[in-house]
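Asks: Next input, structure requested:
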Amino acid sequence: MSPSSPVDQIKERLSISDVVGSYVKLERAGANFKAKCPFHSERTPSFFVSPPRGTYHCFGCNRGGDIFTFVEEIEGVPFGDALKILADRAGVVLKSVDPKAKSEYDKLYGLIEAAVEYYRECLSENNEALLYLKKRGLTDETIRAWRIGFAKENWSGLYDTLKKKGYADLDIDKAGLIVSGERGYYDRFRSRIMFPLANPSGKIIGFSGRIFLPYDKTKEKELAKYVNSPDTVLYNKSRVLYGYDKAKAEMMRENSTVLVEGQMDLLMSHQSGAINTIALSGTALTEDHLKMIKRFADNLILALDSDAAGFAASERAWKLAISLGLDVKVAQIPKGLDPADFILKDKEGWEIAISGAKHIIDYLFSGLKEKGLDKRTLSLEVSKKILPYVAEISNKMDQAHFVGKLAGELSMAEEHLWEEISKVKDSSSAALPPPAEKKQEFFRKDVIARKIVGIILWQEGIKGSVVDTEKAKENYQKIAENYGIEKFAEMKNKEDLVFESEVYYAGHERIPQELAELFRNLEKELLEENFSKAMIEIAQAEKSGEEDRADELLKKCQEISKKINEIKSRNI
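Replies: Next up is the predicted model:
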């Protein structure tokens, strides 16, 4: 390939760290960068970016490549579309091609863009729809920047326009813009404020339409308030969050994400300065959504309508968020107001609500206390409604913090709460596929062990080693024998381990300290695993009436907890 090819031009203008860093939080690691892999869940970073090589590689899931491979993977698009995304970003002009040779993606993107412009033109002609948006608080700049439009009340305005532009019925249908009826095709969206939905790179892939019938308000009750595009080749509702493309940079900078329900909530939040806000836009929060959030932020602030029923209906999603390592908090919105109306009424109050968001466990407990329950009923409600959240916290120290806090509030011994948590874990683990659970548990400790062995092997093979490799080997062997993990000599793919350590630690000034921390983390991980196993055994012993064994196991848990705290204190 010639040096002047578009691919080479793009690579000359865009570094691998710039491209990957726009999707993932990168940390400097010598001459390279490290991050938590965006393609699989992990607690310890095993994803590395090498600017000198222009490549990335994850030692956890073994994915790797260059900037084009990365965009293909993370955007879920073929090479041609990855090329266009990066060309636009690099300012490289791609030669035009014969329209007949354009891919299906090209046609659909073109259709969606034509629809965006049609809806925008319709909005400019509809004073009532514009007045409605401005009464809700939106400025002309926000309306323009977010490309908001309007779908007319007639049945085929968009369809007729697209047909005149030469688009085929089949392609318009594939884009999700029309519906087939007895008399032929008609527009999917009619009499609606139109909000374009974008993928992470900012390409419009679908729409969400809010009903707007200024002439006959009675009909609004008969129609869905919001209608979204159906799933298409471009649009998958489980992987799209409104505003994500515009919010992700600020999410990374703030290390937090504000989650609202509707488009107006998001637009008003962005307009007020909270750029790290994203919206569900009429869809349920999925695991894919949460993983998208986790790529850029560790803190998730829920700023939803003050509707207790709606909050409770999504409790599975909040538990899943906690289990993925997100710190979930709740911003308290005045009753009777949604975030958009609250911001319009009291912008400073919105800012205070976001900055003062409570951890979800504190929020739920405060709600129970406000009910004025007697002590026994309060304890039962905590067991039923709050401990399932505590059980999902993956960080054992954080989990212990909330156990201690709740025990203090309830004037109860901590061990009673731990017993209830073990029952919750036992119940939830029974509903999960055992192989997946086992794989996840062993993966975390294995990553740390591989890093330790990699450092030792790497330092053994270089002059001027800063590590006492023999002592380190003995330390690892002792841990391996005590906890039954893979021994030093049994470790596979040693060349990969050396490469990983060299990439990660070359030029690092604190290698001995890093190795010592890895040893502490490995032992803590193994102790936490034993702690979890013992808690499950306690529940099983109680079920079978083995009270003496349950007491012994409880003492074992307390001893393990003490050791974990000792290791934690050595980190301070």
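Asks: tell me the pLDDT at the nearest residue in space to residue 457 that is not next to it in sequence?
Replies: In space, residue 457 comes closest to residue 498 once its chain neighbours are excluded; the distance is 5.1 Å by CB to CB, 6 or more residues apart in numbering. For the C-beta atoms, the positions are set from N, CA and C on the backbone; glycine is no exception. On pLDDT, residue 498 comes in at 75.
Asks: Over to residue 302?
Replies: 93.
Asks: what are the phi and psi angles of it?
Replies: phi -90, psi 120 (degrees, to the nearest 10).
Asks: ok, it - how many residues close by?
Replies: The number of residues packed near residue 302 is 23, by other CB atoms under 10 Å.
Asks: Same question for the one 3 residues further on.
Replies: Applying other CB under 10 Å, we find 19 residues neighbouring residue 305.
Asks: Tell me how many other residues crowd the residue nearest to it when sequence neighbours are not counted.
Replies: In this structure, residue 305 finds its nearest non-sequential neighbour in residue 338, 4.6 Å apart by CB to CB, 6+ apart. Residue 338 has 20 neighbours, counted by other CB under 10 Å.
Asks: Ok, the one 4 residues further on next?
Replies: A count of neighbours around residue 342, defined by other CB under 10 Å, yields 23.
Asks: who are the neighbours in contact with it?
Replies: For residue 342, the contact set (CB atoms under 8 Å, 6 or more residues apart in numbering) comprises 333-334, 349-350, 353.
Asks: My reading is that it lies in a strand. Confirm?
Replies: No - secondary structure of residue 342 (DSSP: H, G, I helix; E, B strand; the rest coil): helix, not part of a strand.
Asks: thinking again about what came up before, what subset of the contacts of residue 342 is buried?
Replies: 333, 350, 353 (16 or more other CB atoms under 10 Å).
Asks: Can you give me the pLDDT of the second one?
Replies: Residue 350 is assigned 96 on the pLDDT scale.
Asks: Show me where the stretch 1-150 of the chain has its helices.
Replies: If DSSP state H, counting those that start in this stretch is used as the criterion, the helices of the stretch 1-150 of the chain fall at 6-13, 16-21, 67-75, 79-90, 104-124, 127-135, 140-145.
Asks: what sits up against the fourth one?
Replies: What it means is helix 79-90. 6-7, 9-10, 13-14, 19, 67-68, 71-72, 75, 77, 92-94, 103, 105, 201, 203.
Asks: Which of the contacts of residue 342 sits closest to residue 144?
Replies: Residue 144 has its nearest neighbour among these in residue 350, at 22.9 Å by CB to CB.
Asks: low-scoring stretches of this protein, by residue?
Replies: 1-4, 95-103, 214-222, 306-313, 426-444, 493, 495-496, 499-500, 503-509, 570-572 (pLDDT under 70).
Asks: Which parts of it belong to which domain?
Replies: 6-90, 100-235, 247-356, 365-430, 434-571 (automatic domain parsing).
Asks: right, and those domains - which one's nearest residue 241?
Replies: Using CB to CB, the nearest of these to residue 241 is domain 247-356, at 4.5 Å.
Asks: Straight-line length of that closest one, end to end?
Replies: 20 Å (CA to CA, to the nearest Å).
Asks: just stretch 147-161 next, same as before
Replies: 19 Å.
Asks: Which positions in it come out as buried?
Replies: Buried, per 16+ other CB under 10 Å, within stretch 147-161: 147-153, 155-159, 161.
Asks: How about residues contacting that stretch?
Replies: 114-116, 118-123, 126, 129, 133, 138, 172, 177-178, 185-187, 189-196, 204, 209, 212-213.
Asks: Mind giving me the PyMOL command for buried ones among these?
Replies: Buried residues within those, by 16+ other CB under 10 Å, are selected in PyMOL with:
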select buried, resi 114+115+116+118+119+120+122+123+126+129+133+138+172+177+178+185+186+187+189+190+191+192+193+194+195+196+204+209+212
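Asks: Now do the buried residues in stretch 458-465.
Replies: So for stretch 458-465, counting by 16+ other CB under 10 Å, buried means 458-459.
Asks: Please list the residues outside that stretch that contact it.
Replies: In contact with stretch 458-465 (CB under 8 Å, 6+ apart) are residues 466-467, 469, 497-498, 501-502, 505, 511.
Asks: Restricted to helices, list the residues you listed.
Replies: Judged by DSSP state H, the subset of those located in helices is 469, 497-498, 501-502, 505, 511.
Asks: Okay, helices next: where are they in the stretch 201-350 of the chain?
Replies: Counting by DSSP H, counting those that start in this stretch, the helices of the stretch 201-350 of the chain are 244-254, 263-272, 287-296, 308-313, 315-323, 339-345, 347-355.
Asks: partners of the closest residue to residue 185 other than its chain neighbours in the sheet?
Replies: The shortest distance from residue 185 to any non-neighbouring residue, by CB to CB, 6+ apart, is to residue 178 (4.5 Å). Beta-bridge partners of residue 178, counted by DSSP bridges, are residue 187.
Asks: Give me the neighbour count for residue 55.
Replies: By the measure other CB under 10 Å, the count of residues near residue 55 is 16.
Asks: before we move on, the earlier item: and the gap between the residue nearest to residue 185 and residue 240?
Replies: 20 Å (CB to CB, to the nearest Å).
Asks: hmm, back to that, residue 526: which of the buried ones among the contacts of residue 342 is nearest?
Replies: residue 353 (41.5 Å).
Asks: Find the nearest non-adjacent residue to the closest one, please.
Replies: That would be residue 331: by CB to CB, 6+ apart, it lies 4.4 Å from residue 353.
Asks: And for residue 393?
Replies: Using CB to CB, 6+ apart, the closest residue to residue 393 is residue 399 (4.1 Å).
Asks: returning to what we had before: verify the stated contact: the residue nearest to residue 457 with residue 455.
Replies: No - between residue 498 and residue 455 there is no contact under CB atoms under 8 Å: 9.1 Å.
Asks: List the contacts of residue 209.
Replies: Contacts of residue 209 by CB under 8 Å, 6+ apart are 151, 189, 192-195, 226-228.
Asks: And those residues, which is closest to residue 489?
Replies: Nearest to residue 489 among these, with distances taken as CB to CB, is residue 228, at 56.6 Å.
Asks: wait, that closest one sits on residue 279?
Replies: No - counting by CB under 8 Å, residue 279 is not a contact partner of residue 228; they are 11.9 Å apart.
Asks: These two: which has the busier surroundings?
Replies: More neighbours surround residue 279 than the other of residue 228 and residue 279, with 28 against 22 (other CB under 10 Å).
Asks: Quick check: beta-bridge partners of that one?
Replies: Going by DSSP bridges, residue 279 forms beta bridges with residue 242, residue 260.
Asks: do you know how far it is from residue 198?
Replies: 12 Å.
Asks: How about residue 175?
Replies: Look at residue 175 and residue 198: by CB to CB, they are 15 Å apart.
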